[in-house]
Each structure stands twice: as structure tokens, then as C-alpha cells.
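Visitor: For reference, the sequence and a predicted model appear below.
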Amino acid sequence: MMRYLTGILLICFNVLTFPDARAIERKDQEPSALFSAMYDFNVCDYCGLVSAEVYDGYRREIRSMIATGNLPDEYVHKTEVRAMAAVEEEYMNRGLGGFRLWCRMDGKAAVERFVAYRAQILREGDGSER
């Protein structure tokens, strides 16, 4: 029930606060890499798949994207809100039990993404402890 109410509030907040949400997308209308990472992490969260390794890989990837793209805080915040709202909407569209396949497919792929990213960065040595 709490997740449902949180999702409704996020969607309302997104619609009311960011009517120009499409402006966040790249000109070719593809979701940004930042949006994709944030969306994937939220799928992991909804599916109960967040581990220390997943979270660390996600944080490392996000920090790299923000630094490389020199992304402003407002863009990052709007993208995060949109990603959370998109995951909530997708979860609600799945129906009773329909999210199980979503978690097995998309959730598992998202976990693999962040764990692989983390492993690659640790192999290459990114100069930070965590």
C-alpha cells in the first residue's frame, strides 16, 4: 500500500512540477544513459534485488555519468524523479503477479549491469575506495 501511495505521489509530483519532462530527453528522443541507469536501479529496488554490490555499481556508474557529462543538479534530479515514476508506472501496469517475469528478466539484467560495471571499475582501478 505504501509503495502504491509513494508511486502516485511521485507521478503527481512529476506531472505538476516538471511539465517539460520531454526536454530532458536527448534530441533524438532516446532516453538518456542516466535515465536508463536510474530506471534499472529502481527496477532492482522494486524486485528486492539490491545488494551492496548492486548499489555500489550503480553509484559508481551514476557518479561517472554526472562527472563525464558535467550534468547540472537540476537535470540529475529531474531524471531521477522521471525514472522513479516510470518504474512505478511499469510496476502498476504489470498487474497481480505480472511483475515476477519483469523481475526475472529486467531485474536480473539490471543486477548484472551494475555488478559488471563495478567489477570492471575495480579491475581498472578508479582511484577510490568506494
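Guide: Received it, and whenever you're ready, just let me know what you need. Numbers count the residues shown, from 1 in each chain.

Visitor: Could you pull out the strands in the chain for me?
Guide: Under the criterion DSSP state E, the chain carries no strands.

Visitor: which one's the longest helix in it?
Guide: As assigned by DSSP state H, the longest helix anywhere in the chain is helix 73-93.

Visitor: Point to the residue nearest the middle of this protein.
Guide: residue 38 (1.6 Å; CA atoms, centre = their mean).

Visitor: Could you measure from residue 105 over to residue 75?
Guide: Separation of residue 105 from residue 75 (CB to CB, to the nearest Å) stands at 29 Å. In short, each C-beta sits where N, CA and C put it, glycine included.

Visitor: Looking at these two, which is more packed in?
Guide: Neighbours per residue (other CB atoms under 10 Å) separate residue 105 from residue 75, with residue 75 holding more: 15 against 11.

Visitor: Quick check: pLDDT value at that one.
Guide: pLDDT recorded at residue 75 is 93.

Visitor: And it, how far from residue 81?
Guide: Counting by CB to CB - residue 75 and residue 81 are separated by 11 Å.

Visitor: swap in residue 42?
Guide: Remark: distance between residue 42 and residue 81 (CB to CB) = 11 Å.
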